[in-house]
Structure formats: C-alpha cells, structure tokens
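Asker: Here's a sequence, model it:
(one chain, ligands or ions: 2)
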Amino acid sequence: QNLVEAIDLVREYRLGEERVRALDGLDLSLAGGRFVSVVGPSGAGKSTLLHLMGALDTPTSGTIRVAGVDLGSLDDAAASEFRRTTVGFVFQFFNLVPTMSAWENVALPRLLDSQSLRKAKPRAIELLERVGLGDRVDHRPSELSGGQMQRVAIARSLIMEPAILLADEPTGNLDSATGASVLELLSDVAHEGGDRLVVMVTHDPNAASVADQTITVRDGKIA
Ligand code: ADP
Ligand code: ADP
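Answerer: Residues are numbered from 1 along each chain as shown. Ligands and ions are numbered 1, 2, ... in the order given. So this is what the prediction gives:
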C-alpha cells in the first residue's frame, strides 16, 4: 500500500502568454515508514511536487493520491481538512509564533480541533520531550537556537498524527552539525512505529547518507 501515488502528474503555470510546465508527466510511488529525500536542480519542480502532495496546490492533469485520498478531486474545504489532519509541514524558517511558548506552538494545530491549548498541553510536552526539548517547554522561540526552533516545528508537525510529513529545506537555515541532528530526528520520525512517510526537499549534502531513498527530479519528471 503506497502512501503516495502520482500518475502522469502535470502542473502548468501560465505566465502571460507563456506556459511553464513545472511538472511534466511525473510518476511516483512512495511507501510509508521511510525517509525520502527529493533532490534536483533549481527549477526542476521539487517544490511544486511537495505542494501537490500537501494539497496546497492542485494538478493541471494527472492523478495524485496521498494516504488513499485523490487530492485532485478535493474542494477547498476538503483540501483544508486534509492539510490539517493528514499532513505535517516543516519549513526552512520554522514559522513559529514568536509570542507563544514552545509548548503553545506545538499545541497550536489542536485549536482548530476545538480543543483548547491547555487540553493539548500534555501531548505537546510529550512531543517536546520526544524531540529533546523537555527542558524548554516554556521558552519562546527567541530564547531558542535555530536547531531547537526546528525541533519545536517538527513537534508541532506531529501533533495531529499525520500520515505524511513534508519538509521543505528543513536544514537550509542551520549549520551543518545542527542540520545533521535534525536529519537524524526526521529519520527517527519516519521509522518509529506506524507507517509514517517523511518527504524532504533538500540541497543538504548530508541528506543522502541519512535518507532511505533519494529521488531526483529533473525537468518536471523523476530522473
Ligand atoms: P524547484 O523547487 O525544483 O526549484 P519549482 O517547483 O519551484 O522548482 O519550480 C518549477 C518551475 O515552475 C520553475 O520553472 C518555476 O519558475 C515555475 N513556477 C513555480 N511556481 C510558479 C508559479 N507560482 N508561477 C509561475 N511559475 C512557477
Ligand atoms: P485553511 O485553508 O483552513 O485556512 P491553511 O491552508 O491556511 O488552512 O493551512 C492548513 C495547513 O497548511 C497549515 O498547517 C499550514 O501550515 C499549511 N500551509 C498553508 N499555506 C501554506 C503554504 N503556502 N506553504 C506551506 N504550507 C502551508
């Protein structure tokens, strides 16, 4: 059972009179329980692929199925629900709320579940312990290092128990040693129990040795 299934996937952008094929008939199958690295030259279509897998964007044609859901067929409300419950996102610049503590940032996705932050606090603290920040739960982002902020963001991405975690250059703003420890954490997240898939777009040269699988995107296709 593949968690991600893309068949003849096309995403075309219009720029005035011109059409840009960011994805040009891409086929891809990814199983769960793995840490997959996506590499390739700038402009190859990596971010577009990640956005389609996260239902942040819709295909021009072709099929993209994630966790059994045909993402091309979702209306806005269903796509929003899918992003909230089935996917976790991790970004290069962490995207933490500066006025909130670490645990409040982690608990934040639960607010939309009509859960109060307080109700989600025990799980948020568990996740912070899991990422090695049990002693930083009340710290604000400005009181944390880059690597610690990214660990908070990873904890936040896990609080909805997503089937798939999508990471866009998660080590792009970290020094090499800190980045390596974040890669290890993402690898652990993919491998500990369950069937979770972690897909990461990266230029990090350390990624190849940590990932279970590296796929190269070139000219909108898997190379
Ligand atoms: P990568 O992540 O591999 O650098 P992208 O997926 O960002 O590649 O981009 C693939 C191609 O699609 C590039 O030619 C890029 O300029 C184009 N593109 C991406 N997003 C848009 C957009 N919103 N509008 C127009 N063209 C875009
Ligand atoms: P809603 O449609 O309910 O307002 P959003 O689409 O804004 O929800 O957000 C749903 C999820 O998608 C959030 O976890 C958010 O972090 C993520 N997200 C929203 N916009 C982007 C984006 N441009 N790039 C990456 N992730 C995004």
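Asker: how about the residues of the chain that lie near ligand 2?
Answerer: 56, 80, 83-84, 89 (CB under 6 Å from any ligand atom). Any C-beta I mention is one placed from the backbone N, CA and C, and that applies to glycine too.
Asker: Downstream of the helix or strand containing Asp27, the next helix or strand is which one?
Answerer: For Asp27, the host element (DSSP states H and E) is strand 18-31. Downstream of strand 18-31, the next assigned helix or strand under DSSP H and E is strand 35-39.
Asker: which residues sit against that next one?
Answerer: Strand 35-39 has contacts (CB atoms under 8 Å, 6 or more residues apart in numbering) with 30, 46, 49-50, 186-187, 189-191, 197-203, 207-208, 210-217.
Asker: List the pairing partners of that strand within its sheet, with orientation.
Answerer: Sheet neighbours of strand 35-39, with direction, are listed as strand 197-201 (parallel), strand 213-218 (parallel) (DSSP bridges).
Asker: Would you reformat the ones you listed as JSON lines and include mean neighbour count, mean pLDDT and distance to ligand 1?
Answerer: Output for the strands paired with strand 35-39, formatted as JSON lines (neighbours: other CB atoms under 10 Å; pLDDT from 0 to 100; distance: least, CB to the nearest ligand atom, whole Å):
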{"stretch": "strand 197-201", "mean neighbour count": "26", "mean pLDDT": "98", "distance to ligand 1": "6"}
{"stretch": "strand 213-218", "mean neighbour count": "16", "mean pLDDT": "97", "distance to ligand 1": "6"}
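Asker: Show the backbone phi and psi for Gly179.
Answerer: Taking degrees, to the nearest 10, you get phi -60, psi -40 for the backbone angles of Gly179.
Asker: re the thing from before, same for the strand holding Asp27, what does it pack against?
Answerer: Secondary-structure packing of strand 18-31 (3 or more CB pairs under 8 Å, 6 or more residues apart in numbering; DSSP states H and E): strand 2-15, helix 46-53, strand 197-201, strand 213-218, strand 221-222.
Asker: and the gap between Pro162 and Pro205?
Answerer: With distances taken as CB to CB, to the nearest Å, Pro162 is found 27 Å from Pro205.
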